[in-house]
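Asker: Sequence first, predicted model second:
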Amino acid sequence: MSRPSGPLFDGPIHFDASRLIARGVRSSPTGIDRVDLAYARHLLEAGADLRPVAWLGGALRTVDPAALAAYLQRLARHWAGGGAAADPGVEARVAGFLDGETVARYRPPTPPSPFGRLVRQAIGTAGGLADRTLTRDGFKPRPKFQPAAPGGTYLNVSHHHLEKPALFAALGPAVAKVVFVHDLIPIDHPEYCRPGDDAKHRARMRNVAAHADRVLVNSAFTAERLQAFAAACGRADLPVSVAPLGVDRPPPADAAPFPAARPYFVTVGTIEARKNHLLLLNIWRRLAETLGAAAPCLVVIGRRGWEIEAVADMLERSPPLEDCVLETGPVDDRLLARLMAGARALLMPSFTEGFGLPVAEALAAGVPVIASDIPAHREIAGTVPEFLDPLDGPGWIRAVLDYAADPSDRRTAQKTRMAGYRAPDWPGHFARIGL
């Protein structure tokens, strides 16, 4: 296999904007979306020789840089709170719930049929930035990508379309290939993912092992898992660079907490089996049954994912949870910052993570964290949070009650430890990888 010589990121950068273009219909970003957006904005602001590409219409095509820049401005504003919310009444529900009112439970939107999804994408009625608006901005059929010599660097930080051999065939040998791998969770823990996700992710990682000139990862834990996989594919020498993700800090004015009648906790992230929401809901059921109106509250922030029937049933139909647990659905960055600011702690009982971005974001904002004792959390947070086994229900109950108390010795001790915490930032991240 022929590989380019010389430093990477020397020459034009063919940033893959496929995921960002597809995500305009979402009202809030995932962790990978945040990384994708941070890279795109950095490349534009740094004045790089940016020649973006995207997989559109079954082929790798060029994307107009000016159209991408205009789109990203709108997308960032939309995700930060300048666009229509997925649930326009969510802020009123949050305020009422925290003030002690009984509010309606969250009802997720009904997923469209496959045909309905195609129609929604065609006419732009997905609750986000309309696809037809993107077309007017320049995301219409573009020329196919044609590599030149020297070919520069292809940069993909989203996993999007990495399973396609045709993608790498279109790039050719003259283009250096740099890929960001966020985790190997679908391979290591297929039971936490949609059926078929493990095979798709294996295909991605096999292509990465076969074709990547350099791989960027978010943690040493992810690097270890990737290198083991690559070695099994015959690529023990795969170059891997660890660069912790940057943390976005909201402006202080956006982080004014809601008045709260009772102490409350937050958990943040897509509702999926590996996040261990079921532990928290069973804990809160126990607290509601034993403490009644004196129980602290829990705010569950994030869209619903997959394989979560038991969690959904508890959120929708458990009577004891009605007055002490609020599911918000996806929220924009401004509302997330306000909820985090007033919380007694962020709760993250995940069974596995590649990085654990909410943990770093909470600590950067001065919010205590109670998290599962897993490698990714230890790596990003050091000794600051309270670490508990994700199966230790009684231990989590004791921690919640201790942190809900006022005063709380355990919470005060963590706030003291937090004084020495320095969250990774994006300038440091990009300096570390030479971009």
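Answerer: Nice, I can see it.
Asker: my guess is residue 205 meets residue 184, correct?
Answerer: Yes. Between residue 205 and residue 184 there is a contact at 6.7 Å, judged by CB atoms under 8 Å. Backbone N, C-alpha and C define where each C-beta goes, glycine included.
Asker: So in the chain, where's the weakest helix or strand by average pLDDT?
Answerer: Scoring the helices and strands of the chain by mean pLDDT, DSSP states H and E places helix 131-136 at the bottom, with a mean of 40.
Asker: which residues are contacting the next helix or strand along the chain from that one?
Answerer: Counting by DSSP states H and E, the next helix or strand C-terminal to helix 131-136 is strand 153-156. Applying CB atoms under 8 Å, 6 or more residues apart in numbering, the set of residues contacting strand 153-156 from outside is 8-16, 39, 53, 162, 171, 175-180.
Asker: filter the residues you listed to the buried ones?
Answerer: Among the contacts of strand 153-156, those classed as buried by 16 or more other CB atoms under 10 Å are 8-9, 11-16, 39, 53, 162, 171, 175-180.
Asker: and those residues, which of them are in strands?
Answerer: Residues of these located in strands (DSSP state E): 13, 14, 15, 53, 176, 177, 178, 179, 180.
Asker: so can I have JSON lines of these showing pLDDT and distance to residue 196?
Answerer: JSON lines is the format used below for those (pLDDT from 0 to 100; distance: CB to CB, whole Å):
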{"residue": "13", "pLDDT": "94", "distance to residue 196": "32"}
{"residue": "14", "pLDDT": "95", "distance to residue 196": "29"}
{"residue": "15", "pLDDT": "96", "distance to residue 196": "28"}
{"residue": "53", "pLDDT": "94", "distance to residue 196": "26"}
{"residue": "176", "pLDDT": "93", "distance to residue 196": "31"}
{"residue": "177", "pLDDT": "95", "distance to residue 196": "25"}
{"residue": "178", "pLDDT": "96", "distance to residue 196": "27"}
{"residue": "179", "pLDDT": "97", "distance to residue 196": "21"}
{"residue": "180", "pLDDT": "98", "distance to residue 196": "23"}
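Asker: Now tabulate the residues you listed in a markdown table and tack on distance to residue 403.
Answerer: Formatted as a markdown table, those follow (distance: CB to CB, whole Å):
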| residue | distance to residue 403 |
| --- | --- |
| 13 | 45 |
| 14 | 47 |
| 15 | 42 |
| 53 | 47 |
| 176 | 48 |
| 177 | 46 |
| 178 | 42 |
| 179 | 40 |
| 180 | 35 |
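Asker: Please report how far residue 103 lies from residue 325.
Answerer: Distance, residue 103 to residue 325, by CB to CB, to the nearest Å: 11 Å.
Asker: quick one: which of those two has more around it?
Answerer: For the pair residue 103 and residue 325, the greater number of neighbours falls to residue 325 (24 against 17), based on other CB atoms under 10 Å.
Asker: how about stretch 237-251: buried residues?
Answerer: 238, 240, 242, 243, 244, 245, 246, 247, 248, 250.
Asker: what do you get for stretch 14-29?
Answerer: Neighbour-count burial for stretch 14-29, counted by 16+ other CB under 10 Å, picks out 14-29.
Asker: could you list every residue that touches residue 157?
Answerer: The contact partners of residue 157, taken as CB under 8 Å, 6+ apart, are 16, 35, 36, 39, 179, 180, 216.
Asker: where does this structure dip in pLDDT?
Answerer: 1-8, 81-87, 110-141, 149, 249-254 (pLDDT under 70).
Asker: Could you list the domains of it?
Answerer: 13-83+111-246, 90-105+249-424 (automatic domain parsing).
Asker: Residue 205 and residue 184: which is more packed in?
Answerer: Each of residue 205 and residue 184 has its neighbours counted (other CB under 10 Å); residue 205 has more, 26 against 23.
Asker: What values do phi and psi take at that one?
Answerer: In terms of degrees, to the nearest 10, the main-chain angles of residue 205 are phi -70, psi -30.
Asker: and it, what does it touch?
Answerer: Contacts of residue 205 (CB under 8 Å, 6+ apart): 181, 184, 187, 226, 229, 230, 233.
Asker: From residue 177, how far out is it?
Answerer: As judged by CB to CB, residue 205 and residue 177 stand 14 Å apart.
Asker: State the number of residues packed around residue 285.
Answerer: Number of residues near residue 285 (other CB under 10 Å) recorded here: 18.
Asker: So it sits against residue 321, correct?
Answerer: Yes. With contact defined as CB under 8 Å, residue 285 counts as touching residue 321 (6.1 Å).
Asker: Return every residue with contacts to both of those two.
Answerer: residue 314.
Asker: Give me the common contacts of residue 205 and residue 177.
Answerer: Counting by CB under 8 Å, 6+ apart, residue 205 and residue 177 have no shared contacts at all.
Asker: Which of the three states applies to the residue nearest to residue 306 when sequence neighbours are not counted?
Answerer: Counting by CB to CB, 6 or more residues apart in numbering, residue 194 is the residue found nearest to residue 306 once chain neighbours are left out, at 4.8 Å. At residue 194, secondary structure determined by DSSP: H, G, I helix; E, B strand; the rest coil is coil.
Asker: any idea how far residue 194 is from residue 351?
Answerer: Distance from residue 194 to residue 351, by CB to CB: 16 Å.
Asker: neighbour-wise, which of the two wins?
Answerer: A direct count of neighbours by other CB under 10 Å for residue 194 and residue 351 places residue 351 higher, at 17 against 13.
Asker: any idea which helix or strand carries that one?
Answerer: Using DSSP H and E, no helix or strand contains residue 351.
Asker: Okay, it and residue 393: tell me how far apart.
Answerer: Noted for residue 351: a distance of 14 Å to residue 393, by CB to CB.
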